[in-house]
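A.B. asks: Requesting a structural model of the entry that follows:
(2 chains)
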Amino acid sequence: MSGVWIVIEERDGRVGRISWEAVAAAQQLGKLTGLPVAAILPGAQTEALAAEAAGKALTRVVRLEHAALADYTADGFILALEQLFEKEKPAYVVFPHTYQVRDYAPALAARMHQSLIGDVVSISEGPVFVRQLMQGRLSGEYRHAGSGTCFVSVQSGAFRADHAETGTAAVEVFSPSIDPAQIRAKPGQPFRGSAQTVDLGSAQLIVSVGRGIKEAENLPLVQDLAAALGAELAASRPICDNGWLPIERQVGSSGQSVAPKLYLAVGISGAIQHLVGMKGSQCIVAINKDPDAPIFEIADYGIVGDLFEVIPVLTEAVRTAKQ
Amino acid sequence: MKILVAIKQVPERDAQIRIDSSSKWINEADLQWMLNESDAFALEEALQLKEKHGGEVIVVSAGPERVGSTIREALAKGADRGIHVESDDLGRRDALGVARLLAAAIKPENPDLLLTGLQSDDLGYGQTGVILAALLGLPHSSLILHVEKTELGLTVKRELEEGWFQTVELPLPAALTIQSGGTKLRYATLMGIKRAKTKEVRRVAAGALGADFAATVNLERVSLPQKQKSTQLLSGTPKEAAAALVEKLKFEARVL
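C.D. replies: Got it, this is the predicted structure:
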């Protein structure tokens, strides 16, 4: 078994931030286990990416290069990585928990008779991997058993990109053999769902509404509060799925990431997918009837109560305070 | 088109969570159960495809006795028949272990299309559909919001991050994991509920599937998450709490 390997993902021609976070996680795992840490860059043209990665404290940087990897496909990535792993026999493989990784890593692990420990938020002595369960309402400690490779993906924001240690790594190329006929899916070019007219990313104050609002007819309650505060209105996924607010107002992994001065979450329980899009906010307020809702784990201020009673009086109090 | 949908029964969304005495899982005794949300969307996609192109919709679910009610719910919504993989100890299996059970039950059916929800609302692994594709040798795509049958196979709309999407073409047979929200869910009609009672649910004992392997990933302990921040809870009547919050935002957090 040879070391900790991290699979780096390209974003707009560069190494994405979440991949640096995964490098930091892999380096931590390397220290805990005493194993060397190496990086893999899958793609068709990986020279520039490899140069970026070579500036980190890694023993090896492997360009996993093939023309068939120009556009991501699960088949292509699985074939290529499997060939490299058969040769290198990693003890651990660390991925950033991106949509792309979610699309292929479980199948890659399965082909090597393993289960992925996905969406990990911390790694400690053991190694023990912690991930969330029950939509963030429970923490679970996981361990790998047996002599095979342990596959792990790390949650966006759980490790700090600037903790990825710098150094100099030797770059090498590994050319997998891929027959284009083995790639069964034909991916199209990414496109945006709709024109963005709301820039939540630059909003200073955000009122965000979730499932707790129950009906579209109740939305004016939070719209009034947003208006009183001079805040932008945002929402969690179910609200946009129902078509009650346009998708451009959605905050979370599938929507926008925001970091306003004030994020006031109304009737939002705080599933992981939502929290990753707003946990960098300066001041977080949660109003929810369930005292165990995970949103309270990251809130600075909270009101446990019925939003239909709290919001109207809060709107009134804001109006008075602003006079 | 023969469509197979793998569905999961999960605790109700607002269920009170209590950790059991082993500290390895939650106390299931007084929980209410429901069909996992994204699995409901997978079932809906299957029913709509059947309405357009004909064929059969089969649901498969693994778990103890109680899972039967979720299979009946799917039949009431319009699935044609069900397969119940009976297992009282799914918890000791990892994601691959559960998928191996399901794959063994699915394989003899030879479906044209295999659908699952994107991820379960309880364990949240988000892996079953993708692993099933690997075990059954099917091409797959995940996070799918819309499925269109074409002459050559399928054209699907896949969700990417931060408001981006992608169209993917796949040959059949194939496996897809379905994201919530791509379509409207139907309710079971009274007629549907009545008819569900006469539909076939085949029970298969997990032990009879020849899919027992030692888990390589074990959940050793569960706990309530540690607070990342100390939340100041504002109590009192709604009016008092609201007034206190405005005070805090104005003078302590200085964000108003």
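A.B. asks: A:Q100 reaches A:Y72, doesn't it?
C.D. replies: Yes: between A:Q100 and A:Y72 there is a contact under C-beta atoms under 8 Å: 5.7 Å. In short, each C-beta sits where N, CA and C put it, glycine included.
A.B. asks: Need the pLDDT of the spatially most central residue of chain A.
C.D. replies: The centroid of chain A falls nearest to A:S156 when counting by C-alpha atoms, centre = their mean (3.4 Å). In the predicted model, A:S156 carries a pLDDT score of 89.
A.B. asks: Does anything pack onto whichever strand or helix holds B:V98? Which helices or strands?
C.D. replies: Per DSSP states H and E: B:V98 is located in helix B:95-106. Judged by 3 or more C-beta pairs under 8 Å, 6 or more residues apart in numbering or on different chains; DSSP states H and E, helix B:95-106 is in contact with helix A:99-111, strand B:2-6, strand B:56-63, strand B:81-86, helix B:128-136.
A.B. asks: I'd like the ones you listed laid out as CSV, including distance to A:E141 and mean neighbour count.
C.D. replies: What follows is the helices and strands packed on helix B:95-106, written out as CSV (distance: least, C-beta to C-beta, whole Å; neighbours: other C-beta atoms under 10 Å in any protein chain shown):
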stretch, distance to A:E141, mean neighbour count
helix A:99-111, 19, 24
strand B:2-6, 27, 25
strand B:56-63, 23, 24
strand B:81-86, 27, 21
helix B:128-136, 22, 26
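A.B. asks: Only C-alpha atoms, please: export the helix holding B:V98 in PDB.
C.D. replies: Output in PDB follows, covering the C-alpha atoms of helix B:95-106 (Å, rounded to 0.1, in the frame of the first residue of the first chain):
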ATOM      1  CA  ALA B  95     -23.200   1.600   1.000                       C
ATOM      2  CA  LEU B  96     -21.600  -1.100  -1.200                       C
ATOM      3  CA  GLY B  97     -23.200  -3.800   0.900                       C
ATOM      4  CA  VAL B  98     -26.700  -2.500   0.500                       C
ATOM      5  CA  ALA B  99     -26.200  -1.900  -3.200                       C
ATOM      6  CA  ARG B 100     -25.000  -5.500  -3.600                       C
ATOM      7  CA  LEU B 101     -28.300  -6.700  -2.100                       C
ATOM      8  CA  LEU B 102     -30.300  -4.500  -4.400                       C
ATOM      9  CA  ALA B 103     -28.300  -5.400  -7.400                       C
ATOM     10  CA  ALA B 104     -28.800  -9.100  -6.800                       C
ATOM     11  CA  ALA B 105     -32.600  -8.500  -6.600                       C
ATOM     12  CA  ILE B 106     -32.600  -6.300  -9.700                       C
END
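A.B. asks: Can you report phi and psi for the residue in the stretch 51-200 of chain B positioned nearest to chain A?
C.D. replies: Residue of the stretch 51-200 of chain B nearest chain A, by C-beta to the nearest C-beta: B:G181 (2.9 Å). The phi/psi pair for B:G181 (degrees, to the nearest 10) reads phi 90, psi 0.
A.B. asks: gap between it and B:L145?
C.D. replies: 7 Å (C-beta to C-beta, to the nearest Å).
A.B. asks: Between the helices and strands packed on helix B:95-106, which one is closest to A:A26.
C.D. replies: Ranking the helices and strands packed on helix B:95-106 by proximity to A:A26 (C-beta to C-beta) places helix A:99-111 first, at 13.7 Å.
A.B. asks: what is the mean pLDDT for that closest one?
C.D. replies: For helix A:99-111, the mean confidence score works out to 97.
A.B. asks: Stretch A:225-235 too?
C.D. replies: Mean predicted lDDT for stretch A:225-235 stands at 95.
A.B. asks: ok, the residue of the stretch 51-200 of chain B closest to chain A - how many residues close by?
C.D. replies: 20 (other C-beta atoms under 10 Å in any protein chain shown).
A.B. asks: Kindly state the pLDDT recorded for A:S253?
C.D. replies: In this model, A:S253 carries a pLDDT of 83.
A.B. asks: sorry, back to before: next one: the helix holding B:V98 to chain centre, how far?
C.D. replies: 14 Å (C-alpha atoms, centre = their mean, to the nearest Å).
A.B. asks: next helix or strand past it?
C.D. replies: Immediately after helix B:95-106, counting by DSSP H and E, sits strand B:113-117.
A.B. asks: now the angle from that next one to strand B:56-63?
C.D. replies: 40 degrees (axes from the mean of the first three to the mean of the last three C-alpha atoms, to 10 degrees).
A.B. asks: just the strands in the stretch 51-200 of chain A please.
C.D. replies: A:60-65, A:92-96, A:116-124, A:128-133, A:138-144, A:150-154, A:170-174, A:186-187, A:191-192 (DSSP state E, counting those that start in this stretch).
A.B. asks: could I get the ones you listed as TSV with distance to chain B and mean neighbour count?
C.D. replies: Converted to TSV, the strands of the stretch 51-200 of chain A look like this (distance: least, C-beta to the nearest C-beta, whole Å; neighbours: other C-beta atoms under 10 Å in any protein chain shown):
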stretch	distance to chain B	mean neighbour count
strand A:60-65	19	21
strand A:92-96	11	27
strand A:116-124	6	23
strand A:128-133	6	21
strand A:138-144	5	20
strand A:150-154	8	28
strand A:170-174	22	14
strand A:186-187	4	16
strand A:191-192	6	12
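A.B. asks: Just give the closest residue to whichever residue of the stretch 101-250 of chain A sits closest to chain B, not the sequence neighbours.
C.D. replies: Distances between the stretch 101-250 of chain A and chain B by C-beta to the nearest C-beta are smallest at A:D241, namely 2.9 Å. Excluding the flanking residues, the one nearest A:D241 by C-beta to C-beta, 6 or more residues apart in numbering or on different chains is B:G181, at 2.9 Å.
A.B. asks: same thing with A:Q189?
C.D. replies: Per C-beta to C-beta, 6+ apart, closest to A:Q189 is B:Q166, 7.3 Å.
A.B. asks: and residue 162, how many neighbours does it have?
C.D. replies: Since you didn't name a chain, this refers to chain A. A:D162: 8 neighbours (other C-beta under 10 Å).
A.B. asks: try chain B instead
C.D. replies: Neighbours around B:E162, by other C-beta under 10 Å: 14.
A.B. asks: Just give the closest residue to it, not the sequence neighbours.
C.D. replies: Nearest non-adjacent residue to B:E162 (C-beta to C-beta, 6+ apart): A:Q256, at 6.7 Å.
A.B. asks: repeat for A:Q28
C.D. replies: A:I123 (5.7 Å).
A.B. asks: Could you list everything that neighbour pairs with in the sheet?
C.D. replies: On the basis of DSSP bridges, A:I123 is bridged to A:F129.
A.B. asks: give me every residue that touches it.
C.D. replies: A:25, A:28-29, A:32, A:129-130, A:152 (C-beta atoms under 8 Å, 6 or more residues apart in numbering or on different chains).
A.B. asks: Make a markdown table out of those residues and add pLDDT.
C.D. replies: Listed next are these as a markdown table, based on pLDDT from 0 to 100:
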| residue | pLDDT |
| --- | --- |
| A:A25 | 97 |
| A:Q28 | 97 |
| A:L29 | 98 |
| A:L32 | 97 |
| A:F129 | 98 |
| A:V130 | 97 |
| A:V152 | 98 |
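A.B. asks: picking up where we left off before, nearest to B:I193 among the helices and strands packed on helix B:95-106 would be which one?
C.D. replies: strand B:81-86 (14.4 Å).
A.B. asks: Not counting sequence-adjacent ones, nearest residue to B:P11?
C.D. replies: B:L31 (4.7 Å).
A.B. asks: Would you mind giving the secondary structure of the one you found?
C.D. replies: coil (DSSP: H, G, I helix; E, B strand; the rest coil).
A.B. asks: Was I right to think it contacts B:E12?
C.D. replies: Yes: counting by C-beta under 8 Å, B:L31 touches B:E12, with 7.1 Å between them.
A.B. asks: Between the two, which has more neighbouring residues?
C.D. replies: Between B:L31 and B:E12, counted using other C-beta under 10 Å, the more crowded position is B:L31 (17 against 11).
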